[in-house]
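K.L.:
coords please:
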Amino acid sequence: MHLANENSTPRSIAIVGAGQAGLLLGCALLDKGYAVTMVTNRTAEDVWNGKVMSSQFIFDPALQIERDFGLDQWEADCPRTEGISFSIPTPDGSGNKAIHWHARLDAYGQSVDQRVKMPGWMKEFVRRGGDLRFEDVGVPGLENLAAAHELVLLAGGKGEIVNLLGRDDSRSPVRQPMRQLALSYVTGMKRHDYYECVNFNLIPGVGEYFVFPALTTAGAQGTQACDIMVFEGVPGGPMDCWADVKSPEQHLETSLNVLKTFVPWEYERSRDCQLTDPNGILAGRITPTVRNAVLTLPSGRKVFGMGDAVLVNDPITGQGSNNATKGAKHYHDAILARGAAPFDEAWMRQTFDALYTGYAEKVVSWTNSLLFPPPEYIVKLLGSAQQVPAIASRIANGFNDPRDFANYWFDPAAADRLIESEMQKLAA
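P.N.:
Next up, the predicted model:
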């Protein structure tokens with residue numbers, strides 16, 4: 001392995017954006033002897049004291065990457081989520097469940113508020129010898145970084161700068177936001193009488209609601225357990241109700257009203273909840289997008305996109321932070337394998353295409369499929385999981401690695417074969 005250039009100095013890499021992908025990769029590369037500069041426009045204090053940014057649930061395969069890179073700083077403190085539960089209410093509005101099941105994950109997942117995680121990882125990045133800078137980066141800033149470093153990675157998922165990468169229309173079939181999103185971080189939720197789950201509720205024609213345990217901020221430096229409510233409303237429908245919310249208190253009231261109306265069993269668990277803090281709320285819309293991986297600057301120098309800058313999924317399947325983590329690991333391995341060879345455009349495109357075709361494409365397809373009304377065979381499949389634990393387990397553990405859904409989710413005949421096979425095993 002060659003970590004040095006011709007002058008025997010460490011290879012220099014700059015990362016713009018200090019989120020899940022950028023900080024994970026930056027810390028890991030420092031451990032391998034690279035010189036890493038990270039540029040972000042928010043200090044650790046800004047992040048800690050700011051609004052929540054996402055729901056960031058991470059399943060075990062991505063958690064293992066954090067462990068491998070020595071970045072699992074909150075695993076002992078964060079609540080463990082052991083399974084997936086799934087419910088569809090009856091269409092008569094009675095408040096009963098037409099379908100309900102739960103299944104264990106092969107290994108637990110966790111969610112650590114990014115307001116906790118990113119400040120901790122910034123501190124760790126500096127401890128490992130990284131150069132952490134705080135500034136807004138536009139095209140001139142990218143030019144300066146590209147002139148001074150052998151590789152520049154654009155990992156910031158928001159802001160005008162990522163739009164310069166351009167949308168890859170061939171990989172982005174959904175052209176507009178398909179859900180009105182809202183988050184509520186709360187304390188005081190009643191527990192189920194079974195293991196902790198990501199509790200997923202599908203309300204046909206209205207949207208989705210899911211909720212799971214997490215670890216969030218508490219005061220100046222402390223942390224506390226909480227639950228994160230995630231609302232996904234079909235635009236124009238009754239869950240698309242956040243535009244007129246003016247205060248945190250009204251946001252919580254709206255959250256509880258949605259639960260009371262559409263998933264009363266979740267309301268009963270949540271009726272005494274309080275917001276973790278006034279910043280524990282979020283509302284907005286996301287257009288699922290795959291961007292081009294390479295940006296050519298006016299000078300001709302290249303910038304390589306990663307994480308949310310190139311892969312934006314709707315949160316409906318909880319894969320955002322998992323994609324970012326697995327993508328950071330893929331880039332890490334590709335950078336190490338490059339040795340002393342140049343990080344040229346061909347290498348950038350090859351690296352991203354390998355990530356996309358080998359993993360992300362199947363995640364994107366599955367996630368996008370859930371944004372449309374489920375076909376009859378999928379409803380049948382989800383219903384069969386109620387009677388056949390092996391099917392429930394197969395679906396639940398697809399969240400760990402969504403590539404498995406390609407084996408049965410998109411083909412009615414394959415779904416029927418799965419149901420028939422597992423029912424025969426059960427009968428035997």
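
K.L.:
CA atoms of the lowest-mean-pLDDT helix or strand in the chain as PDB?
P.N.:
The weakest-scoring helix or strand in the chain, judged by mean pLDDT, DSSP states H and E, is helix 160-163 (a mean of 88). Only the C-alpha atoms of helix 160-163 are listed here, as PDB (Å, rounded to 0.1, in the frame of the first residue of the first chain):
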ATOM      1  CA  GLU A 160     -26.600  25.300  -3.800                       C
ATOM      2  CA  ILE A 161     -23.100  23.800  -4.200                       C
ATOM      3  CA  VAL A 162     -24.400  20.200  -4.500                       C
ATOM      4  CA  ASN A 163     -26.800  21.100  -7.300                       C
END
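
K.L.:
which other residues reach it?
P.N.:
If you take C-beta atoms under 8 Å, 6 or more residues apart in numbering as the criterion, helix 160-163 is touched by V16, V137, G138, V139, L142, L154, G156, R291, G305, D308, A309. C-betas here are computed from N, CA, C, even on glycine.

K.L.:
ok now do the second one, which residues does it touch?
P.N.:
Contact criterion C-beta under 8 Å, 6+ apart gives V16, V39, N41, L145, G156, I161 as the residues in contact with V137.

K.L.:
please redo it, this time with the cut-off set to 7 Å
P.N.:
V16, V39, I161 (C-beta atoms under 7 Å, 6 or more residues apart in numbering).

K.L.:
most neighbours among those residues, which one?
P.N.:
V16 (28 neighbours; other C-beta atoms under 10 Å).

K.L.:
pLDDT score for that residue?
P.N.:
With respect to pLDDT, V16 scores 97.

K.L.:
that one bridge partners, please.
P.N.:
Applying DSSP bridges to V16 yields these beta-bridge partners: V39, L154.

K.L.:
spit out the contact partners of it.
P.N.:
V39, V137, L153, L154, A155, G156.

K.L.:
how about the helix or strand just after the least confident helix or strand of the chain as PDB, C-alpha atoms only?
P.N.:
Reading on from helix 160-163 to the C-terminus, the next helix or strand found by DSSP states H and E is strand 180-187. What follows is strand 180-187, C-alpha atoms only, in PDB (Å, rounded to 0.1, in the frame of the first residue of the first chain):
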ATOM      1  CA  GLN A 180     -44.600  15.800   3.100                       C
ATOM      2  CA  LEU A 181     -42.200  14.900   5.900                       C
ATOM      3  CA  ALA A 182     -42.200  15.800   9.600                       C
ATOM      4  CA  LEU A 183     -40.200  14.700  12.600                       C
ATOM      5  CA  SER A 184     -41.000  15.000  16.300                       C
ATOM      6  CA  TYR A 185     -38.400  14.000  18.900                       C
ATOM      7  CA  VAL A 186     -40.300  13.100  22.100                       C
ATOM      8  CA  THR A 187     -40.000  11.700  25.600                       C
END
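
K.L.:
how about the helices in the stretch 201-350 of the chain?
P.N.:
Per DSSP state H, counting those that start in this stretch, the stretch 201-350 of the chain carries helices over the ranges 248-262, 264-270, 320-338, 345-355.

K.L.:
now the most centrally placed residue in the chain: closest residue in space, sequence neighbours ignored.
P.N.:
Central residue of the chain (C-alpha atoms, centre = their mean): G320, 2.0 Å from the mean position. Of all residues not flanking G320 in the chain, N313 sits nearest, at 5.6 Å (C-beta to C-beta, 6 or more residues apart in numbering).

K.L.:
what residues does stretch 48-64 touch?
P.N.:
For stretch 48-64, contacts defined as C-beta under 7 Å, 6+ apart pick out 72, 105-111, 113-115, 119, 183, 185, 198, 212, 217, 228, 230, 279-280, 282, 315, 318, 320-322, 325-326, 399-401.

K.L.:
stretch 232-242 too?
P.N.:
Stretch 232-242 is contacted from outside by 177, 179-182, 205-208, 231, 254, 258, 283, 316, using C-beta under 7 Å, 6+ apart.

K.L.:
longest strand in the chain, by number of residues?
P.N.:
Longest among the strand segments of the chain by residue count, using DSSP state E, is strand 97-111.

K.L.:
helices or strands up against it?
P.N.:
Under the contact criterion of 3 or more C-beta pairs under 7 Å, 6 or more residues apart in numbering; DSSP states H and E, strand 97-111 touches strand 57-58, helix 60-68, strand 81-89, helix 389-398.
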